[in-house]
Structure formats: C-alpha cells, structure tokens
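In: Have a look at this prediction, sequence included:
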Amino acid sequence: MKDLKKNCKVALIQASPVLFNKNATIDKVVQEILKAGKQGADVIVFPESFVPCYPYGMTFGFTVGSRMEEGRKDWKVYYDNSVIVPSADTDRIARAAGKAHAYVSLGITERDINNCTLYCTNLFFSPEGKLVDRHRKLKPTGAERFIWGDGNKGAFPIIDTPWGNMGSLICWENYMPLARTALYMKGVTLYLAPNTNNNEEWQTTIRHIAIEGHCYVINVNQYVTKDMYPDIFHCPNEMANLPEAVLTGGSCIVDPFGHYVNEPVWDKEEIIYADIDMNQVPLSRMEFDGTGHYSRPDVLELVVHE
C-alpha cells in the first residue's frame, strides 16, 4: 500500500431530497457541497439515489403478473426526473465539487440515454471538477427490481485519492460477500456505503465490514418524512401505509477496528463532519490483512468479470 496522507475530513450529507424533483434536488446538492467545502471537507458523501429520491413505498402499479396504467404514469414522473450521465446535470455537480475542492460521491437514479432503463447509480466527482467514474448497483433488492436494472457498467470502480483507494457498494450490495471482497482486493481504504437502512442490523453490518476489510466505512442515509411526498401520484392510496418517519438517517463513520468515529445521527437533516486518521488502516492490518498475508490464494480465488 502506498503512503497515505494522514488526515481526511469527511462530510456526511444526511439530508432530504426534494422528492421526485430532479432540478430542485440538484440545487440542494450544489448548496450542500459548497457548504461542506467551506468547512474544509475533503470527501463529501451523499446517500443512495438522492437525486431525485429513493421512491420508498411506491408500487408503480406492479403486482405479480400485471401492471396498472396509473402506475405507468407515476413511473414516468420518476423516469423524467432521473439523471442522464454525463449531462448538463452532472456538469453542474462537477463544478460544485471543483469549487469545494473536494471528492464528491452522489447517489442518483440514472437514466440510460440508449434505452429506457433506470439504474441505481453512485457517481464520483474529483476536486478538479470532473465526473471521474460511476458504479451501478449490481442487484436491486426486492421490489426495487421493478424500477432499476441490474448494474452492467463500472462494477467496482476505485478512485485514487491522497487517503488511499475509495470505492462503494450501494445498500444491500454490502451483503454480497464476493462484492465486498472485490473491493478489498483493490485495496480500498475509504469504503462508501450509501443506503436507505434505518435498522440496528445495518449498524452491525457496517461495523463488521470495517473489521473485515480493515478500512473506514462511511455510512450515509437520507432523512425523509411522509409529508415530504408531493401530491402528484395516480395510483390510489399509494402513500397511505407509509410511516410518518420514512427514512430516519443513522449516518456515521466506522474506523478500521469497528469502532464508531461518530455515533449515528438520527431523525434530522444534518451535515456530519468527522476527521479520520488514515494511519489506522495499516495499523489495523498488522495481524489481519484479508487479501494480503491472511489470504490463501493457493486455496481460494475470486475471479471478477469487469
């Protein structure tokens, strides 16, 4: 592993998108990036599918074996507000990253310009104001498969930063042991886990990943309440069964020994700042380096098709 720059200031953007409104949400993204940049953030991380939103609770009229025409209209709203990559939308975000002079990770719903398929995508921007890579969620979970295709580009991109290699898996991709290993094999030190998980089990998961990979795990979720949903949908009673608190946050950073750098923040919008010491990565790998001295390549081998 190359020598790492010791100190890194991370900003976790636990925020609320303007639901189903791409342009207004990108306005907010730009504001949050510039705000975090003024506080000296080196790395700025947003949640999963922040633009235009994670469509929690939506059915889009799907049932097994049939679809509702009203649901097609609701899906079209989501489609129209999804992000083409690259585009003028990503250019705006890239310029903000350049002004903040920070690496930015942003979750979006991406619309493929060559077809009508949507993807749950994580974008990476550089401090030079450039879109440098993207990761599409390999396998949408449960009913997410109604709206997102399987990721087929940028399976495990790695961003070379002064603090080591930065990569990400989105939400329940982090339960895929081989996907995690693929990142470990690339020497990830900053492991981003944008997600929409509120539960205690998820906190256990990210702490395990930090210990398993001996890396910093950066966990970011949204804050969304039922009253934030716009009254624009065609499917009847679509929002009726949602809880008042839909996504409650829990954003935090876990160090390479599995300890919280900051306690999870719940039930509010907040930019959470944390200073992390990259010396902890090699120190933690002295007795366990899962893809180094603690591996057995003569017995176990992972083949990644990228």
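Out: The structure has been received and is ready for your questions. Numbers count the residues shown, from 1 in each chain.
In: now stretch 26-43, how far from the centre of its chain.
Out: 16 Å (C-alpha atoms, centre = their mean, to the nearest Å).
In: distance of the nearest residue to G164 once chain neighbours are set aside from G250?
Out: Closest residue to G164 apart from its sequence neighbours, by C-beta to C-beta, 6 or more residues apart in numbering: T189 at 3.0 Å. No exception for glycine: its C-beta is placed from N, CA and C like everyone else's. From T189 across to G250, the span is 23 Å (C-beta to C-beta, to the nearest Å).
In: who's in contact with the nearest residue to K38 once chain neighbours are set aside?
Out: Nearest residue to K38, sequence neighbours excluded (C-beta to C-beta, 6+ apart): A100, at 7.7 Å. If you count contacts by C-beta atoms under 8 Å, 6 or more residues apart in numbering, A100 has them with 33-34, 36-38, 41, 44, 127.
In: Distance check, the spatially closest residue to E244 that is not a sequence neighbour against L4.
Out: Nearest-residue entry for E244: K226, 5.1 Å, with adjacent residues in sequence omitted and distances by C-beta to C-beta, 6+ apart. From K226 across to L4, the span is 43 Å (C-beta to C-beta).
In: Tell me which of those two has more neighbours.
Out: L4 (20 against 15; other C-beta atoms under 10 Å).
In: Need the pLDDT of the more buried one.
Out: Looking at L4, its pLDDT reads 80.
In: just the one 3 residues further on next, same as before
Out: At N7, the predicted lDDT confidence score is 96.
In: ok, it - contacts?
Out: So N7 contacts 275-278 (C-beta under 8 Å, 6+ apart).
In: For the residues you listed, pick the one with the most neighbours.
Out: I276 (24 neighbours).
In: Make sure the residue nearest to E244 is actually in contact with A240.
Out: No - contact criterion C-beta atoms under 8 Å: K226 and A240 do not qualify, at 9.8 Å.
In: State the number of residues packed around G167.
Out: G167 has 24 neighbouring residues, counting by other C-beta under 10 Å.
In: and it, that one's in a strand?
Out: Yes - the assignment for G167 is a strand, going by DSSP: H, G, I helix; E, B strand; the rest coil.
In: distance of it from D133?
Out: From G167 to D133 the distance is 9 Å (C-beta to C-beta).
In: same check, this time on Y78
Out: 24 Å.
In: what does G142 give?
Out: 27 Å.
In: More neighbours: which of these two?
Out: A side-by-side neighbour count of G142 and D133, using other C-beta under 10 Å, places D133 first with 18 against 7.
In: Hmm, the more buried one is touching P157, no?
Out: Yes - D133 sits in contact with P157 when judged by C-beta under 8 Å, with a separation of 4.0 Å.
In: shared neighbours, these two?
Out: With C-beta under 8 Å, 6+ apart as the test, D133 and P157 both reach F124.
In: and for G167 and D133, which residues touch both?
Out: What both G167 and D133 touch, as defined by C-beta under 8 Å, 6+ apart, is the set 157, 159.
In: Tell me which of the contacts of N7 fall in strands.
Out: 275-277 (DSSP state E).
In: Format those as a markdown table; extra columns: distance to L183 and pLDDT.
Out: A markdown table is the format used below for those (distance: C-beta to C-beta, whole Å; pLDDT from 0 to 100):
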| residue | distance to L183 | pLDDT |
| --- | --- | --- |
| D275 | 23 | 98 |
| I276 | 18 | 98 |
| D277 | 21 | 97 |
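In: ok, so of the residues you listed, who is nearest Y119?
Out: Ranked by distance to Y119 (C-beta to C-beta), the ones in strands among the contacts of N7 are led by I276 at 29.9 Å.
In: Test my guess that that closest one contacts I253.
Out: Yes - in this structure, I276 is within contact of I253 by C-beta under 8 Å, at 6.5 Å.
In: Tell me the buried residues within the contacts of A100.
Out: Neighbour-count burial (16 or more other C-beta atoms under 10 Å) applied to these gives 33, 36-37, 41, 44, 127.
In: So which of those are in helices?
Out: Counted as lying in helices by DSSP state H, out of the buried ones among the contacts of A100, are 33, 36-37.
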